[in-house]
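Trainee: Quick one, what's the 3D model for this:
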Amino acid sequence: MALDEVAEASVWQHLEQCPYCRDRLEKARKTTGNLEARLKKAVFRLDCPPSQAFVEYLFNRLAPTEHASMKQHLEICPHCQHDLADLRQFMQASMPVEPKPKRKSPYGEIIATLSSALGPKSPLAAGFRGDSSGFLFEAEGITIFLSVQTQPTGRHLMGQVLATDSPSDWAGSLVELRQVGELKATAFIDENGRFICPLLVGEPVELRVTNSHNQSILVKGIEFKE
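Mentor: Residues are numbered from 1 along each chain as shown. Model (predicted):
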């Protein structure tokens, strides 16, 4: 028959003259070709494992002999290699992405409280030049000493931050000094925990110290008399 490329001469002559029969022949050839391709694929994959086996293989739930057999089959079967890759991609896309844990601040923003007023002969006050007395504030393991000093350039607020547990966390911290609700000066804490800011004496002082971990210490309502 013409479908098998075997036919009498009269059949070929008829096909040359009849477009209707030629069209039927082409459609039959396409249908046969598709059926043959599907049949070849089905026969070729007779030895392929079921889809559930891929899941068990990925989660390492197969028995040792089954796992070895599956691995050996995957080495020679491109179809199963493709199926396994698709399954891996699907499972990865389906798994929820856990956000990276943010480092929690052990302090957050805390308000330092006045511990005591220091005279000019106290050990901490003696660490600064001049004869001014100072104030000692405490905030959860952190001590802040503040003192007003007179220098050739004017009055300055001098301070030192001492942290019991993690002193290195506060080196390089930003110091913001506000008076009358306005930012008047900024400074950075040195490796010894010290800083200095110009000061308008007579106005209440609000001081904020913020380190690189976004931990803040707030000292409010400080008044230094002239």
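
Trainee: tell me the SS of residue 219?
Mentor: Following DSSP: H, G, I helix; E, B strand; the rest coil, we place residue 219 in the strand state.

Trainee: Do you know the pLDDT at it?
Mentor: We have a pLDDT of 89 for residue 219.

Trainee: ok, it touching residue 142?
Mentor: No. Using Cβ atoms under 8 Å, residue 219 is not in contact with residue 142; the gap is 10.7 Å. All C-beta spots, glycine's among them, are computed from the backbone N, C-alpha and C.

Trainee: Now the common contact residues for these two.
Mentor: Taking Cβ atoms under 8 Å, 6 or more residues apart in numbering as the criterion, residue 219 and residue 142 both touch residue 112.

Trainee: helices and strands of the protein: which one bottoms out on pLDDT?
Mentor: The weakest-scoring helix or strand in the chain, judged by mean pLDDT, DSSP states H and E, is strand 113-118 (a mean of 63).

Trainee: so residue 211 touches residue 173, yeah?
Mentor: Yes. Applying Cβ under 8 Å, one finds residue 211 in contact with residue 173, separated by 4.2 Å.

Trainee: quick one, helices of this structure?
Mentor: 9-17, 19-44, 51-58, 64-76, 78-94 (DSSP state H).

Trainee: what angle do the third one and helix 78-94 make?
Mentor: Direction vectors for helix 51-58 and helix 78-94, defined by axes from the mean of the first three to the mean of the last three Cα atoms, to 10 degrees, enclose an angle of 70 degrees.

Trainee: With residue 81 as the reference, measure out to residue 73.
Mentor: Using Cβ to Cβ, to the nearest Å, residue 73 is found at 10 Å from residue 81.

Trainee: In terms of neighbours, single out the busier of these two.
Mentor: residue 73 (16 against 13; other Cβ atoms under 10 Å).

Trainee: Contact partners for residue 81?
Mentor: By Cβ under 8 Å, 6+ apart, residue 81 lies in contact with residue 74.

Trainee: pLDDT below threshold where in the protein?
Mentor: For the chain, the stretches with pLDDT under 70 are 1-7, 9, 11-12, 14-15, 25, 32-46, 91-110, 115-133, 167, 225-226.

Trainee: Mark out where each domain of it begins and ends.
Mentor: Annotated domains of the chain cover 2-94, 110-222 [automatic domain parsing].

Trainee: Among those, show me which one is buried the most.
Mentor: Greatest average neighbour count among the domains of the chain goes to domain 110-222 (a mean of 16), per mean count of other Cβ atoms under 10 Å.

Trainee: if I look at residue 85, how far off is residue 173?
Mentor: Remark: distance between residue 85 and residue 173 (Cβ to Cβ) = 51 Å.

Trainee: Then residue 144?
Mentor: 11 Å.

Trainee: can you list residues touching both of the two?
Mentor: Common contact partners of residue 144 and residue 173 (Cβ under 8 Å, 6+ apart): 161, 209.

Trainee: which ones are touching the closest residue in space to residue 47 that isn't next to it in sequence?
Mentor: In space, and not counting its chain neighbours, residue 47 is closest to residue 73: 7.1 Å by Cβ to Cβ, 6 or more residues apart in numbering. Listed by Cβ under 8 Å, 6+ apart, the contact set of residue 73 reads 47, 48, 49, 80.
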